[in-house]
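>>> Only the shape, not the letters, is given here:
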Ligand SMILES: [Zn+2]
């Protein structure tokens, strides 16, 4: 049996953004994004700290996109 459908309304959007970005970004750039957007001790994203806004709770949108890009590059991805 497959995994149950996850109620994740933005999944398709993340997927399409990741597909576009993965064509232009190198593997090391993707790794860099994933490394920067990691959770801090309070569970907020380290890479999304802006002076004017509060850091979002991790995983942030960018990390999810980065993760999806990594998944798209995975050579053993089944189609
Ligand atoms: Zn982030």
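Structure's in. What do you need? Keep in mind that what you see is a predicted model, and the values were worked out from it rather than measured.
>>> Quick one: residues contacting the residue positioned nearest the centre of the chain.
Centroid check for the chain by C-alpha atoms, centre = their mean gives residue 64 as the closest residue, at 2.0 Å. Residues near residue 64 by C-beta atoms under 8 Å, 6 or more residues apart in numbering: residue 14. Heads up, the C-betas are built off the backbone N, CA and C, glycines and all.
>>> same deal with the one 5 residues further on?
By C-beta under 8 Å, 6+ apart, the contact list for residue 69 reads 18, 21-22, 25, 30.
>>> Reformat the residues you listed as a markdown table; add distance to the ion, neighbour count and pLDDT.
What follows is these, written out as a markdown table (distance: C-beta to the ion, whole Å; neighbours: other C-beta atoms under 10 Å; pLDDT from 0 to 100):
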| residue | distance to the ion | neighbour count | pLDDT |
| --- | --- | --- | --- |
| 18 | 15 | 22 | 96 |
| 21 | 14 | 17 | 95 |
| 22 | 18 | 20 | 94 |
| 25 | 16 | 17 | 96 |
| 30 | 14 | 21 | 96 |
